[in-house]
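*Asks:* Coordinates for the following, if possible.
(chains A and B)
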Amino acid sequence: MTTPAITSTRLKIGMEIHVELATRSKMFSRSPNLAHPDYYDAAPNSLVDPVVAALPGALPVMNKRAIELAMIVGLAINCSIAKFTKWDRKNYFYPDLPKGYQISQYDLPLCFDGEVHFTGVDGTTKRVGIIRAHLEEDAGKLGHELPGGKPYDGSLVDLNRAGTPLLEIVTHPDLASAADAVIFAKELRNICRFLGASEGIMQRGHMRFEPNVNVIIETDDGREYATPIVEVKNLNSFRAVHDAIEYEHQRQVEAWKSDGIVDGPGLKSTRGWNDAKRTTVLQREKEESHDYRYFPDPDLIPVVVSDTWRQEIASRIPQLPMQRRARYKKDYDLSAEDATALTDERDLCLFYERCVKAIHTDGSSDITGVQAGQACAKLLLNAGAKRAHERSCPIHELGITPEQISQLILLRDSNAIGSSSSNELFALLCKTDDDAQPVAERAGLMQVSDEGQLDEWIEQAIQAQPQAADDFSRGKDAALGRLVGEVMKLSRGQAEAKSVQAKLRDRLRGD
Amino acid sequence: MPSDSGSEADMDEGATIQGLVDALRRRESSAVELVDRYLQRIDRLNSSLNCFCETYPERAHATALQIDQQLAAGDQIGPLAGVPIAVKDNIVTDFGHTRCGSRFLENYKSPYASTAVERLEQAGAIIIGKTNCDEFGMGSSTEHCAFGAAHNPWDITRVPGGSSGGSAAAVTADLCCAALGSDTGGSIRQPAAFCGIVGAKPSYGRVSRYGLVAFGSSLDQIGPLARTVQDAALLLGVLAGADRHDSTCADRPVPDYVAQLETPTKSLRIGVPKQFLSDDNDPGVNAAVRDAIAVYRSHGAEIIEIDLPLSEYGIATYYVIAPAEASSNLARYDGIRYGRRAELGPDDDLLDLYARSRAEGFGPEVQRRIMLGTYVLSAGYYEAYYKRALQVRRLIKQELDAAFAQCDALLGPTTPTVAFSLGEKADPLSMYLCDVYTTIANIAGICAISIPAGFVSIDGKRLPVGIQIQCQAFDEATMFRIARMFEAATDHHTHRPDIDDPVRSTDIAR
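*Replies:* Numbering: from 1, shown residues only, chains lettered A, B, ... in the order given. Okay, the predicted model is just below:
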């Protein structure tokens, strides 16, 4: 039998995303939440109370804030919100699961039927359908190391993470490449961060991705074959998402070539990601009939979402990254790269907008919106990014304020400082709360356009560079540079360059 | 502290909550004296009854001393000030052990207190000790206990009922003034009936379950066991009301049950479900119910026959829902964080740890119910058992709603029989049938009370009979009033077992 030749292969990717919500307290108890910045560095098992430790007699009580954060994410990704939802117990034994069951939402998820749009790697707009987004509680962590990294002969349980509110978002298999999957994942992370729903710090496991991957193989006899679906568990970096999908692409095509097995009921398998080897590893062959014995949790009352409540939450949704990018292009004529760079981090984005706003509220300038938007973007992404890189610190945390940035741009716009001084002033402003102008004055960065002073420097320059003055007066344009340079030297950079040139022309050529 | 017959008599005289509090207020007795007398009585009688698991003499003394000081200073004292109250072993306290009658929790001490116990203590109650119960509340005889069975004070060869048998026996034998029990399918009312005292199961959501070790979460309620309806009403008034630790606890106002107790109910309609007067009941039980009907009728109540055809599915429904919830509720006892942990060999793995810890820690009845519950929730059986049971539950509720449109209360026996002998019900099914009249209240979430209604004589022993009054959810006020009507018209509640007779060791051995 001759195997038909493969003419093309294409990926079909769906995604499950676990988002740890940054509420103050846990999903079902008053114990502090590890995913909230105030508690990142809590000592192991210090964020535990009777409910978290599942002591006899303890009862869960729902955290309303977690529901609201889940709702706001759901609304932002265009989901319908259930008017009635409830909590179910997912029963299984594991040492990191204190109650012996996880409280989750089984058949009535809080959010369902949504969609996310993003710009794919090919520049076109892509759509990913959202099947559902439901709330549940995270489990604790199992470890084999003592705090500080000393090895321990045995297993250790840390319940700090147990009970953290977890939003599980499930998409349709609408993604077609690893690159798009990563763009989508980043977009979703940004949305969650813009909404303040999650800090989204990947290294802390605030977001975990589980792509469902298979490959559609076309052969030269015109037929199509779908490989069995593989779920890759627990990826917590974008690079891992990308590489795991790429790896599966190749592996599944090779597997099909050798065994010809196509997707069918019960054939879905689970694989883990080996970060060191950059390969996926089989975890569970086929879909084991895992019986979680779901049933409604009798300790909790159902959640009823009124129209008023839903609308109130919807009204809190700020403009999301995609919309902001579109606005930056339209209003400020920013390049796609700059717009993306500015919306990649919520805090930088908000900082940028405060800078632009500060220029306009200043009112002392006739600078246009486009100019303001452009100038702020350039300053942040050049001087800011350079300095941020040197200090390994986010741009918006360099110490310079939006007001100072606006002042700097206005000084430059009015030629009060030279463009060459702007980086130096930027650096100085990072270290002080003072306004830009006094700082520039103290540092001698203000340009001098005072006629008398300029004339004085020009006379001195001509005397110091007689040859150049002679050359220039006889029509040799190139000599002007030397004279200007001399003036700048004399003025220690404070002379306003354009005026100096004009005056030199006047003085030596009389035209 | 002398324990002469005089002081015993005094105590018996004033042994209602109100009596004790009044005696303390009048300074006829001190709280410390009271605690001493009860502790001495426990010392003397507990060996034959095994109703207390442990007592808290030091703590009880300290609290009593505080109350005496408050009284001396003329301070305000709570409604339960100085009253010695016992707590069932499945309600956590932040002192002593809370073992739930289980080997698994033999050394377990709760770091936090249940809302119920907190409220009792805020009202001035003295928690004198923990009472024996069937393991995790699973049983109807207080025989399924890791630490020995409790005995009925009326006849120590018989069971006190269960699972709150220790609480019922302790109140009956006057080892405490009142006690907390918990009722999942009759665990307060059935022992109250077997011991001839008052036991009330509040409506679901009336009392916080925070700190009640869960058995069937949608059915469990904490409630009082006491010697009079007034005491039960007083206790419930203290226990009831919203709790931020329990979202199933209702945020509804709590009426002053005691103040309304003597208010006559106008045009009272008492419903008697015809299914409740079964020929399978002991004749003495049915006779007591008929006598009670006559009492109510003579007080002007209209007696209405009610048909509750679905009530016969109560037991079946209950024994699907309760074990299902229990199988999940008891999953936390895994040997990882607290409680029993089996010794492991070098080749044993995590599953061995779970399986052996649980096999060593849980008694046979608990294991049976975990298996039953796991089965009815399993894929393929969920629809046929658990889901069906929820449907029947809804129908039973509807049937009761319809019944309460016709009458103010349902009257019937609490149990089909009087207290049976220890070891008599070896077959689990026959034990389950003890709950035939009590599970419906839990299934429907309504309130129900068992009150003393007479005695039958068996082998020369007088054994109490209880009648049950059930009212609509959150209508405890009516329930107590109707119960009080009967109590005021009869003297069954005044009878006490002759427990002070020397107990023959042979009786216990049998």
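*Asks:* Just the buried positions in the longest strand seen in chain A, please.
*Replies:* The longest strand of chain A (DSSP state E) is strand A:6-20. Residues of strand A:6-20 classed as buried by neighbour count (16 or more other CB atoms under 10 Å in any protein chain shown): A:9, A:11-20. Placement of C-beta: from N, CA and C, glycine included.
*Asks:* the helices in the stretch 251-400 of chain B, which residues?
*Replies:* For the stretch 251-400 of chain B, the helices defined by DSSP state H, counting those that start in this stretch occupy B:283-298, B:314-329, B:350-361, B:364-377, B:388-406.
*Asks:* and of the ones you listed, who's closest to chain A?
*Replies:* Chain A sits nearest to helix B:364-377 of all those, at 3.9 Å, using CB to the nearest CB.
*Asks:* and the closest one, does that touch chain A?
*Replies:* Yes. Residues of helix B:364-377 contacting chain A under CB under 8 Å from any CB of the partner chain: B:374, B:377.
*Asks:* Spell out which residues sit in contact with the closest residue to chain B within the stretch 1-150 of chain A, please.
*Replies:* Residue nearest to chain B within the stretch 1-150 of chain A (CB to the nearest CB): A:Gly100, separated by 2.4 Å. By CB atoms under 8 Å, 6 or more residues apart in numbering or on different chains, A:Gly100 lies in contact with A:54, A:91-93, B:328, B:330-332, B:334.
*Asks:* Please repeat the previous calculation with a cut-off of 10 Å.
*Replies:* A:54, A:89, A:91-94, B:327-334, B:336, B:354 (CB atoms under 10 Å, 6 or more residues apart in numbering or on different chains).
*Asks:* Quick check: bridge partners of B:Cys447?
*Replies:* Beta-bridge pairing of B:Cys447 under DSSP bridges involves B:Cys471.
*Asks:* nope, B:Gly223 is what I meant
*Replies:* Note on B:Gly223: beta-bridge partners by DSSP bridges are B:Gly181.
*Asks:* what about it, how many neighbours?
*Replies:* 31 (other CB atoms under 10 Å in any protein chain shown).
*Asks:* residues of the longest helix along chain A that come out buried?
*Replies:* Assignment by DSSP state H gives helix A:238-259 as the longest helix of chain A. Buried residues in helix A:238-259, counted by 16+ other CB under 10 Å: A:238, A:240-249, A:251-253, A:255-256.
*Asks:* Grab the nearest non-local neighbour of residue 445.
*Replies:* Looking at chain A here, since you left the chain open. Computed as CB to CB, 6 or more residues apart in numbering or on different chains, the closest residue to A:Leu445 that is not its neighbour in sequence is A:Ser421, at 4.2 Å.
*Asks:* Correction: the question concerned chain B.
*Replies:* Leaving aside its sequence neighbours, B:Gly445 sits nearest to B:Tyr204 (CB to CB, 6+ apart; 3.6 Å).
*Asks:* shaky segments in the stretch 401-511 of chain A?
*Replies:* A:511 (pLDDT under 70).
*Asks:* does the nearest residue to B:His299 once chain neighbours are set aside sit in a helix, a strand or a coil?
*Replies:* Closest residue to B:His299 apart from its sequence neighbours, by CB to CB, 6+ apart: B:Met485 at 6.0 Å. Under DSSP: H, G, I helix; E, B strand; the rest coil, B:Met485 falls in the helix class.
*Asks:* for B:Met485, what are its contacts?
*Replies:* B:Met485 sits next to B:229, B:261-262, B:264-265, B:268, B:270, B:295-296, B:299-301, B:469 when contact means CB under 10 Å, 6+ apart.
*Asks:* where does B:Gly412 fall, phi/psi-wise?
*Replies:* For B:Gly412, the backbone dihedrals (degrees, to the nearest 10) come out as phi -170, psi -170.
*Asks:* again but with B:Arg26, I slipped
*Replies:* Main-chain torsions, B:Arg26, degrees, to the nearest 10: phi -80, psi 0.
*Asks:* give me the number of residues near it?
*Replies:* Using other CB under 10 Å, B:Arg26 has 9 other residues around it.
*Asks:* Let me know whether A:Gln494 touches A:Ser420 as I believe.
*Replies:* No. Between A:Gln494 and A:Ser420 there is no contact under CB atoms under 10 Å: 11.2 Å.
*Asks:* what is in contact with those two at once?
*Replies:* Counting by CB under 10 Å, 6+ apart, the contacts common to A:Gln494 and A:Ser420 are A:445, A:488.
*Asks:* To what extent is A:Lys378 buried, counted in neighbours?
*Replies:* For A:Lys378, using other CB under 10 Å, the count is 15.
*Asks:* And for B:Val436?
*Replies:* 23.
*Asks:* if we can go back for a sec, could you list every residue that touches the residue nearest to A:Leu445?
*Replies:* A:408, A:411-412, A:428, A:440, A:443-447, A:493-494.
*Asks:* Looking at these, spot the one nearest chain B.
*Replies:* Nearest to chain B among those: A:Leu408, at 52.2 Å, using CB to the nearest CB.
*Asks:* hang on, that closest one is in a helix, isn't it?
*Replies:* Yes. Assigned with three-state DSSP, A:Leu408 falls within a helix.
*Asks:* Tell me how many other residues surround the nearest residue to it once chain neighbours are set aside.
*Replies:* Counting by CB to CB, 6+ apart, A:Ala436 is the residue found nearest to A:Leu408 once chain neighbours are left out, at 4.8 Å. Applying other CB under 10 Å, we find 27 residues neighbouring A:Ala436.
*Asks:* Surely A:Ala436 touches A:Leu411?
*Replies:* Yes. The criterion here is CB under 10 Å, and A:Ala436 meets it with A:Leu411 at 5.8 Å.
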